[in-house]
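Visitor: need coordinates for the following:
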Amino acid sequence: MDVHLKYAFGRFQEQFGSGPGLGPGSGTNLMKIDGVEPSFIKSVYRAAAALYRTDPWKRLRPGHLFGVRVGKDLDWPGKKQLFSCIQFIGGDGGDIGLYMFRSENDAKKMTGPRETIRVPNVEVLRVTYELDTLMLPSNKRFVMSLALEVSGENRYPVIDVGRCTTTGELQFRNPTLEELRFLYAVMKGACLLHPLLQQDQGAAPKWSRVIYFEPFIETVDVQWPAEMAKGNDVVAVTISYPPGRGYQEKYSSSSSSTPTKHSEAPKEETFINVKSNAAVCFRHCMQCKEEINREQLACCGHCSAVVYCSSLCQKQHWKEAHKDVCGHYKAMMEREEELAMKIFIFASSAEQPCKWLESLGIHQKGMWRRKCGCYSHCPYGLLPVPGGLRDSWGGLDENEYPHDSPFHNHFRDGISSSILLSSWPEYYNLRSLPLTSPVADILSHPLTVYYILTALSISSKNLLLKNKEVILHYVGPEGELDWMPAFAEIGHLLHGMGNIQIIMVGPEVPTNLSGTTSGIGSRVRVNLVRGLYQDEASYLPTPHVIVALNCGLGSYSIWAGALDLIKSMNIPSYFTNESELSCLDGKQVLRSAGLHISYPVTPNPFRSPVRIFGTSTNFPSYSNCFLLGVNT
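Guide: Numbering: from 1, shown residues only. Next up is the predicted model:
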């Protein structure tokens, strides 16, 4: 009898689902969509997996409705947003998934206390995360044939569009290509933004177990995969709570996140004086580098991005350099809020690193000693080694830094599965770190390396999936030489995949460390070599990937020899600079060297969140900010 009941219950779940929802699972198959490519479907499944890993159902319930907007209305069929309201179902039990509605009114009509109410002629795009044991045979074959990415231990998203007829019957269809494209952007945006919701302690009744949130509206850049892009590499995704919060397009030219075309520089110098807030960090003159700490600052009246100590420096710098880049600076200043990283609760300024580190209680401690100039007298790689891992992280609390331990919750059928990260919220959620933890500032370098190897370099990813070794040449290391405990996190993220040999080559490698090899965990090995890359590369194992992070790629004369060699090697190579502006210069340097840029100025999801004010009045710049892919 028990066996019979178990079989019957299993068949019931297969036919009708296990909890709140529209009803029977559909037999839709994305492969049946006209014009769809396997790469398109794989990207959608990767986005669904990324959303699942952030586990929004921990806090969100069907009653939490969110407004959503992807790019401009003109980007979509009918010149309107396809789905303007979303909800997460299953947080209070039953099937878990994402429901997307055409309007907030439709969402309210269909949201019941426990079940999704069937409303005639209202379409809902559903992403339901089903156990593979309960999936329809057609969907199982579909998943196996394309080797689609698993979302959880044994869950896959089933995507369909459902509606209830006037007679009460349910109908399902495959989404269209444009609906899938819209869904991809929403899922990527949601996994970045839902962790930012702040609980409103005073709004919830004492007896309520449902979390109430403060009003929220935020925009994030989402990178289109190559098969989904339509002229723009990125798109702006805005999510608001509640849905009625207003959204205004900031720029009439485009509400997408594609770089604004810079206007021509003014024909004559135009300068204005602006008052400086005394609470803001010190500025430095763009021309003479003199520190400015007074109420009146002279800045460029066209771009408002650079400041000077006097009109004499303004005019001199205009003639020597600023005239040619003023338009670029103006375009970036217009995108200041868009480029700002608002994910983290901690605020900092690299202009005054000592004060920032002191506020966190980690100044002159552990690996943070390389974040200010107090230990500049000590060569890179030769800082005194602290006692344990906690000391390496400056004595942060136990829950504020990643421990030297694997990710136990990423196993499927007893076998470890790969961890593909695409954002800081994903990583922080995976490690259960609070957003007040500053570790992202150091982890930016190792996680950028991991992102390159697992998301951008297809050949390296394939080697890792086959449990083979990837050889990476890391050009021009400096502070990284003292951050080896942070690079151990790469090994944990590999999580059952292959191994990585990192060969760090540069003139800053200490002589007494050159030629040494260190095992950073069980899957990462680091070799140190002192010298210029063009002089040492021929003596090193042939790499699969070359990276140079925060490499100051602004002068061809400095990089000429290395770039000429990289061009002849024809190896996938990735460079990062401190900001988008410096990457504009980097593009010109790479092109001057005859190198083909495959990923021009691509936002790096693991850039450092530390805000650098530098010489500008308020232009945000981030270390490790953008990726330039060469020979990929």
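
Visitor: surely Asn121 touches Thr165?
Guide: Yes: A contact is recorded between Asn121 and Thr165 when judged using Cβ atoms under 8 Å, the distance being 7.5 Å. From N, CA and C alone the C-beta is placed, and that goes for glycine too.

Visitor: pick out whichever of these two has more residues nearby.
Guide: Thr165 (11 against 8; other Cβ atoms under 10 Å).

Visitor: which ones are touching that one?
Guide: Residues touching Thr165, when contacts are defined by Cβ atoms under 8 Å, 6 or more residues apart in numbering, comprise 120-121, 171.

Visitor: from these, pick the one nearest Ser43.
Guide: Nearest to Ser43 out of the contacts of Thr165 is Gln171 (Cβ to Cβ; 27.1 Å).

Visitor: partners of that closest one in the sheet?
Guide: Per DSSP bridges, the residues bridged to Gln171 are Arg163.

Visitor: tally up the residues packed near it, please.
Guide: Residue neighbour count, defined by other Cβ under 10 Å, stands at 12 for Gln171.

Visitor: next, the contact list for it, please.
Guide: Remark: with contacts taken as Cβ under 8 Å, 6+ apart, Gln171 is in contact with 162-165.

Visitor: please name the residues that touch Arg126.
Guide: Going by Cβ under 8 Å, 6+ apart, Arg126 touches 21-22, 97-100, 158-162.

Visitor: wait, is it part of a strand?
Guide: Yes: checked against DSSP: H, G, I helix; E, B strand; the rest coil, Arg126 lies within a strand.

Visitor: and it, how far is that from Asp106?
Guide: Arg126 is 13 Å from Asp106, where distance means Cβ to Cβ, to the nearest Å.

Visitor: the stretch 1-150 of the chain: strands as residue ranges?
Guide: According to DSSP state E, counting those that start in this stretch, the stretch 1-150 of the chain carries its strands in the segments 66-70, 85-89, 96-101, 124-131.

Visitor: possible to save these as CSV with mean pLDDT and distance to Asn139?
Guide: Putting the strands of the stretch 1-150 of the chain into CSV (pLDDT from 0 to 100; distance: least, Cβ to Cβ, whole Å) gives the following:
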stretch, mean pLDDT, distance to Asn139
strand 66-70, 93, 26
strand 85-89, 93, 19
strand 96-101, 93, 14
strand 124-131, 91, 8
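
Visitor: can you say which of those strands is nearest to Tyr329?
Guide: Using Cβ to Cβ as the measure, strand 66-70 is the one of those that comes nearest Tyr329, at 28.4 Å.

Visitor: break this protein into its domains for me.
Guide: Under the assignment named as the TED database, the residue ranges that make up the domains of the chain are 14-239, 277-338, 423-628.

Visitor: where's Lys188, which helix or strand?
Guide: helix 177-193 (DSSP states H and E).

Visitor: which positions within that helix qualify as buried?
Guide: Residues of helix 177-193 classed as buried: 177, 179-193 (neighbour count, 16 or more other Cβ atoms under 10 Å).

Visitor: what's the answer for stretch 192-205, then?
Guide: Under 16+ other Cβ under 10 Å, the buried positions of stretch 192-205 are 192-197.

Visitor: coming back round to it: out of the buried residues of helix 177-193, flag the one nearest to Pro353.
Guide: Proximity of these to Pro353 (Cβ to Cβ) peaks at Leu192, which lies at 26.7 Å.

Visitor: for the closest one, what are its contacts?
Guide: 220, 343, 423, 425 are the contacts of Leu192 under Cβ under 8 Å, 6+ apart.

Visitor: so what's the residue count around the last one?
Guide: So the one you mean is Pro425. Around Pro425 there are 23 residues (other Cβ under 10 Å).

Visitor: same thing with the one 3 residues further on?
Guide: One way to gauge burial is a neighbour count; for Tyr428, by other Cβ under 10 Å, it gives 20.

Visitor: quick one: it from Ala47, how far?
Guide: Applying Cβ to Cβ to Tyr428 and Ala47 gives a distance of 19 Å.

Visitor: I'd like the mean pLDDT over the helix holding Lys188, please.
Guide: Model confidence over helix 177-193 averages 92 on the pLDDT scale.

Visitor: what are the pairing partners of the helix or strand following it, and which direction each?
Guide: Proceeding C-terminally, helix 177-193 gives way to strand 216-223 as the next helix or strand, assigned by DSSP H and E. The sheet places strand 216-223 alongside strand 234-241 (antiparallel), with pairing taken from DSSP bridges.
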